[in-house]
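**Q** My questions concern the predicted model and sequence given below.
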Amino acid sequence: MQNGRPPHQNQSGGIDSRAGKYLTFFLDNEEYGVEILKVQEIIGRMPITPVPLTSRYIRGVINLRGKIHPIMDLKVKFGMDQTIITDETCIIVINTASLMMGILVDKVSEVVNVASGDIEDTPSFGADVETEYLLGVGKTGGRIRLLLDIEKVITASDVINFKKAAGGGNEEAQA
Amino acid sequence: MDLNHLAISLIELDPENISDFNAFKENLVIAQKKARGHVKDILGQACAEIEAWQGYDPETRRAGIVRLGELLEQAMDSGAGNSSGAKPKKTRDVSLEKMKSLKFTLSNEFDADLLNEFIVESMECSNMAESAILGWEKDPNNQELLNTIFRGFHTIKGTSSFINLDCVKDVAHKAESMLVRVRDGQETFTRGHADLSLKSLDMTKSILERMKSSGPGQQIELPLGYEELLEDLKNFISGTRDAQVNDLSAEPAINQGSREGLARKDGEISAEQSPAVSQPPDQIIESTVRVKIDRLDKLLDTVGELVIAQTMVGQDDLIVSGKYRELSKKISHAGKIVRELQDLSMILRMVPLKGTFQKMARLARDLSQKNGKKVNFTIEGEDIEIDRNMVDMVADPLVHLIRNAVDHGIETPDERRLLGKPEDARICLTAGHLEGSIMLTVLDDGRGLSRQKIVDKAISRGLIDTDERMTDQEVWRMIFQPGFSTAEQVTEVSGRGVGLDVVCQAVEALRGRIEVQSSKGQGCTFILRMPLTMAITDGMVVRVGSQRYILPIANIQKAVRPVEADIHTVNQRAEMLDFRGDLLPVFRLHRLFDIEDAQTELTLGLLVVIGEGQQRCALFVDDLLTQTQVVTKLLGKGINKVQGVAGGAIMSDGTVGLILDTAGIVNMARSD
């Protein structure tokens, strides 16, 4: 899997760089996927130290074997309510060339293999809905999974509009 | 054996050792057979020369070696290429040389690792030679120092010719040929020698620096003044040689007088210098291993984790309950070992101050020459070790202080004579340990700080109205204000008004403090105190609501539990603390950091006095919990710099604690 934005070619095309294994997780009732090669590990909940004067979506920092990692509350980043920590809450540690960060998710689901034929381009929702944080929409086993371009999500300063895209995508798929 | 090696072995040739001598002769004959054209002729002369020595006494041979050296030099310079047919030599033709672009292509026969090895090794040689030159200036009769200088150039020459780095080799070779005659006692080592040697070392170093950023097969641009230096060296060598030749023929030429005059003057200068305590160069060879710094950091991280894990085991209920005494014993024993391991791993990062001090010695020498002042620069405690990350940061303030001392502190020799002081001024740079921190002092015996000048300047800048009731210390502290310079004129060296506040900032960035002591006419001393390492922060854990933060102890002056009478309000909004008669603004950390569950009643919390001088203020926290030592870490990629937070640290319970940046907090509070 290549880093960066893969070409959004049609699913009918031969090789789709978006195809591959995804780790999927839930934020509320929506299922998202992140490329498995960018995941370093999944850790259970652990004490998070809040950092003052940072964006609301930075939940704080944790100590992971002697190194400090920031933790992002993905739901806040997407404009949802703050994550409520439960027994199922997990931190997915994302490790790419440019960043190292944990993301807080409600529940980790599974690792799925998404074939290129199962990936559809994100539908366009008009100007006010940002969809560039999505690699596409994966449809396997009758479920809709929103495949995230996780580097874009983390580095972008504001993805509030994304919420509409995600919600809208979900509804449309259910319809 | 090519001409280079031949020349090197000639230099090493001991006239009294017959077997060495015969070996050299054989090599020379072989070289002569291999050589072609002009070189062959010259070598033929050399062979004839060497044949003629048979049976002579060592003295004649010594003179013969010198002549032979000249012949070899000619052969190498003749431009016909050396016998082994490697790279063509640079021609001595000046016009040709000027036309050549000042670029040098690194040989691609050798890989980058080897080049790096070479760079590191040659840098060490250069530094060794440089310190020996500086040492010689204090102790001109020390033969051992001269040998060290010579060895430095010799090694550089040898290794650089091995990797075909002709640009360095040429410099080293010329410098070496200059020094050979000194080593053999035919010339005395003079200022002129020292100057040129230092210049050659500078040139070598700057070429090496350039090489660092390029790789095998790439081009590097030769530093400015490269050719001039070679020319200078050549002229110097031929100049002294001419003088000698003339001397021998007992017909003094015109230029000889000036040369001799110069030499005599040089002699006077070196004789006049008060004999400093001779520092025998440490020749204890320690074996070392170079380790990549990120591996070292990883080791430190892991050891830090081990300490935390061990502490957590030790604090387990099972152990604390005291039911299992044997187990507790074993665990506390393991704990001791773990802590020892931590101490050891911290030492790994430490390097001696030697390199930095050497640079300062060089700086003082160059500056005093430029300013026409005579300075006897001494260093002490160069073996003291500090964290390697701090070495470069320490150098900046020291450079400023030494510049100031030479430029402003020290009087000219004439002034000093009038004042009845010795003409040679003293500047002393010392390092020492003090209460777990390191203390650097820069002492000079110059004119000292002028209270009147500082006060005048402060008044004209509107900093103060009058100096009544100000102690000397308070006046001295004002020189650390930005833009405060009492130098009457701006010089090339210092006096741009940026000196001491930069020093002060740099020292504070190292979590240190700076003090100044001065007495008029007697000189002035700057004392810098800083922690041994930046990696470890001594801190106080403070609590604000449910949050804990680490406040560096170096920044804390005092913590007080205020009574109502000490607190004054301004417009019912801002608060002030009456601290020993000073009114300090009160900043509430819970307000700055938006912490909701914190104590809001000042008299129920604590006020911590932080900052220095104008920046002094009282920071309101709920409580002081404990003292701790933590390793400073970055908050990680993906989080921007947070104002008021200097970094994070792993606390003893394994969670992350935030280290506060007091200067940042004060700025934040003031800008609100």
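**A** Everything's here; your move. Numbers count the residues shown, from 1 in each chain, chains lettered A, B, ... in the order given.
**Q** all contacts plus neighbour counts: C-alpha atoms, from now on.
**A** OK.
**Q** The residue of chain B positioned farthest from its centre: which element?
**A** Residue farthest from the centre of chain B, counting by CA atoms, centre = their mean, is residue B:323 at 56.2 Å. Assigning secondary structure by DSSP states H and E places residue B:323 outside every helix and strand.
**Q** cool, and the one 5 residues further on?
**A** Using DSSP H and E, residue B:328 sits in helix B:325-347.
**Q** List the contacts of that helix.
**A** For helix B:325-347, contacts defined as CA atoms under 8 Å, 6 or more residues apart in numbering or on different chains pick out B:299-300, B:303-304, B:306-307, B:310-311, B:313-314, B:319, B:322.
**Q** out of those residues, which touch chain A?
**A** residue B:304 (CA under 8 Å from any CA of the partner chain).
**Q** quick revisit: how far is the helix holding residue B:328 from where the chain is centred?
**A** Helix B:325-347 sits 37 Å away from the centroid of its parent chain (CA atoms, centre = their mean, to the nearest Å).
**Q** Can you point out the buried residues in whatever helix or strand comes next after it?
**A** For helix B:325-347, the following helix or strand on the C-terminal side (DSSP H and E) is strand B:350-352. Residues B:350-352 are the ones in strand B:350-352 that count as buried (16 or more other CA atoms under 10 Å in any protein chain shown).
**Q** got it, and stretch A:134-151?
**A** For stretch A:134-151, using 16+ other CA under 10 Å, the buried residues are A:134-139, A:144-151.
**Q** Kindly export it (C-alpha atoms) in CSV.
**A** Provided in CSV are the C-alpha atoms of stretch A:134-151 (Å, rounded to 0.1, in the frame of the first residue of the first chain):
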residue,chain,number,x,y,z
LEU,A,134,-12.1,9.2,2.4
LEU,A,135,-10.2,6.8,0.2
GLY,A,136,-13.5,5.3,-0.8
VAL,A,137,-16.4,3.3,0.5
GLY,A,138,-15.8,-0.5,1.1
LYS,A,139,-18.7,-2.8,0.7
THR,A,140,-18.0,-6.3,2.0
GLY,A,141,-20.4,-8.8,3.6
GLY,A,142,-23.3,-6.4,3.1
ARG,A,143,-21.7,-3.8,5.4
ILE,A,144,-20.6,-0.3,4.5
ARG,A,145,-17.2,0.7,5.7
LEU,A,146,-15.8,4.2,5.3
LEU,A,147,-12.1,3.8,4.3
LEU,A,148,-10.1,6.7,5.8
ASP,A,149,-7.0,8.4,4.5
ILE,A,150,-5.7,8.5,8.0
GLU,A,151,-2.8,10.8,7.4
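**Q** and that stretch, is it in reach of chain B?
**A** No - contact of stretch A:134-151 with chain B (CA under 8 Å from any CA) is absent, the minimum separation being 10.3 Å.
**Q** Strand partners (parallel or antiparallel) of the helix or strand hosting residue B:569?
**A** Residue B:569 belongs to strand B:567-570 when assigned by DSSP H and E. Partner strands and pairing direction for strand B:567-570 (DSSP bridges) are strand B:574-579 (antiparallel).
**Q** mean confidence for the partner strand?
**A** Strand B:574-579 shows a mean pLDDT of 88.
**Q** and stretch B:202-214, how far out from the chain's middle?
**A** The answer for stretch B:202-214 is 17 Å, by CA atoms, centre = their mean.
**Q** same question, stretch B:653-663
**A** 32 Å.
**Q** swap in stretch B:420-436?
**A** Distance of stretch B:420-436 from its chain centroid, counting by CA atoms, centre = their mean, is 17 Å.
**Q** Do me a favour and get the end-to-end distance for it?
**A** End-to-end distance of stretch B:420-436 (CA to CA, to the nearest Å): 40 Å.
**Q** mind listing what's buried in the longest helix along chain B?
**A** If you go by DSSP state H, chain B has its longest helix at helix B:112-138. For helix B:112-138, the neighbour count (16+ other CA under 10 Å) marks B:115, B:118-119, B:122-138 as buried.
**Q** what does the next helix-or-strand element following it rub up against?
**A** Next in sequence after helix B:112-138, counting helices and strands by DSSP H and E, comes helix B:143-162. With contacts defined as CA under 8 Å, 6+ apart, helix B:143-162 is touched by B:118, B:122, B:125-126, B:128-130, B:132-133, B:135-136, B:166, B:168-170, B:172-173, B:175-176, B:179-180, B:183, B:281.
**Q** circling back to that earlier point, the buried residues of strand B:350-352 also near chain A: which ones?
**A** Okay, of the buried residues of strand B:350-352, nothing touches chain A (CA under 8 Å from any CA).
**Q** Pull out the CA atoms of the strand holding residue B:569 and give them to me as PDB.
**A** What follows is strand B:567-570, C-alpha atoms only, in PDB (Å, rounded to 0.1, in the frame of the first residue of the first chain):
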ATOM      1  CA  ILE B 567      -2.800  39.900  48.600                       C
ATOM      2  CA  HIS B 568      -3.800  43.100  46.900                       C
ATOM      3  CA  THR B 569      -6.100  43.500  44.100                       C
ATOM      4  CA  VAL B 570      -6.100  45.900  41.200                       C
END
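**Q** got the contact list for that strand?
**A** Contacts for strand B:567-570 (CA under 8 Å, 6+ apart): B:575-578.
**Q** Got the phi and psi for the residue in the stretch 401-550 of chain B positioned nearest to chain A?
**A** Nearest to chain A, among the residues of the stretch 401-550 of chain B, is residue B:547, at 8.2 Å (CA to the nearest CA). With angles defined as degrees, to the nearest 10, residue B:547 sits at phi -100, psi 150.
**Q** Nearest residue to residue 43 in space, please, no chain neighbours.
**A** Went with chain A since none was named. Closest residue to residue A:43 apart from its sequence neighbours, by CA to CA, 6 or more residues apart in numbering or on different chains: residue A:91 at 5.3 Å.
**Q** was after chain B, sorry
**A** residue B:32 (5.4 Å).
**Q** Isn't the one you found up against residue B:25?
**A** No - shown here, residue B:32 and residue B:25 do not form a contact pair, counting by CA atoms under 8 Å, at 10.5 Å.
**Q** The two - which one has more neighbours?
**A** Shown here are residue B:32 and residue B:25; by other CA atoms under 10 Å in any protein chain shown, residue B:32 has more neighbours (22 against 18).
**Q** which element is that one on?
**A** Here residue B:32 is assigned to helix B:18-34, by DSSP H and E.
**Q** So for residue B:174, what's the nearest residue that isn't a sequence neighbour?
**A** Nearest residue to residue B:174, sequence neighbours excluded (CA to CA, 6+ apart): residue B:233, at 6.3 Å.
**Q** Pretty sure residue B:195 is one of the things the one you found touches, is it not?
**A** No - using CA under 8 Å, residue B:233 is not in contact with residue B:195, being 10.5 Å away.
**Q** between these two, which one's more packed in?
**A** With neighbours defined as other CA under 10 Å, residue B:233 and residue B:195 compare such that residue B:233 has more, 23 against 13.
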